[in-house]
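# Quick one, what's the 3D model for this:
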Amino acid sequence: MFSFPAIDQISDELIQASRLQKAMIFEIAMARAEQKLDVRKLG
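Below is the predicted model:
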C-alpha cells in the first residue's frame, strides 16, 4: 500500500455507507491520486 501526505485515507465506515459500488470508489480514488501526482509535476 502507498500513501501521499496531501491525500487522506477514506474511512471504512464511509466506504460502507456509500451508495457507490466499491469498484467506482476505487476508480475515483485512483483518479484523485493521479490528479495530485500531475499537479506535483507541474508545480
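# Of all residues in the protein, which one is nearest the centre?
Geometric centre of the chain, nearest residue: residue 29, 2.5 Å, by CA atoms, centre = their mean.
# residues in contact with that residue?
For residue 29, the contacting residues are residue 10, by CB atoms under 8 Å, 6 or more residues apart in numbering. Using the backbone N, CA and C atoms, a C-beta is placed for each residue, glycine as well.
# if I look at it, how far off is residue 13?
16 Å (CB to CB, to the nearest Å).
# With residue 7 instead?
Counting by CB to CB, the separation of residue 7 from residue 13 is 18 Å.
# Look at these two and report which has more neighbours.
Taking neighbours as other CB atoms under 10 Å, residue 7 and residue 13 compare with residue 7 leading, 13 against 8.
# Surely that one touches residue 36?
Yes. Between residue 7 and residue 36 there is a contact at 5.9 Å, judged by CB atoms under 8 Å.
# Need the CA coordinates for the helix ranked longest in the chain. PDB is fine.
Looking across the chain with DSSP state H, the single longest helix is helix 22-42. Extracted in PDB, the C-alpha atoms of helix 22-42 (Å, rounded to 0.1, in the frame of the first residue of the first chain):
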ATOM      1  CA  LYS A  22     -16.700  -0.500  -4.400                       C
ATOM      2  CA  ALA A  23     -15.100  -0.500  -7.900                       C
ATOM      3  CA  MET A  24     -16.300   3.000  -8.500                       C
ATOM      4  CA  ILE A  25     -14.900   4.200  -5.200                       C
ATOM      5  CA  PHE A  26     -11.500   2.700  -6.200                       C
ATOM      6  CA  GLU A  27     -11.600   4.400  -9.600                       C
ATOM      7  CA  ILE A  28     -12.400   7.800  -8.000                       C
ATOM      8  CA  ALA A  29      -9.600   7.300  -5.500                       C
ATOM      9  CA  MET A  30      -7.100   6.400  -8.300                       C
ATOM     10  CA  ALA A  31      -8.200   9.400 -10.400                       C
ATOM     11  CA  ARG A  32      -7.700  11.700  -7.400                       C
ATOM     12  CA  ALA A  33      -4.200  10.300  -6.700                       C
ATOM     13  CA  GLU A  34      -3.300  10.700 -10.400                       C
ATOM     14  CA  GLN A  35      -4.500  14.300 -10.300                       C
ATOM     15  CA  LYS A  36      -2.400  15.000  -7.200                       C
ATOM     16  CA  LEU A  37       0.700  13.500  -8.900                       C
ATOM     17  CA  ASP A  38       0.100  15.500 -12.100                       C
ATOM     18  CA  VAL A  39      -0.200  18.700 -10.100                       C
ATOM     19  CA  ARG A  40       3.100  18.000  -8.300                       C
ATOM     20  CA  LYS A  41       4.900  17.500 -11.600                       C
ATOM     21  CA  LEU A  42       3.600  20.900 -12.800                       C
END
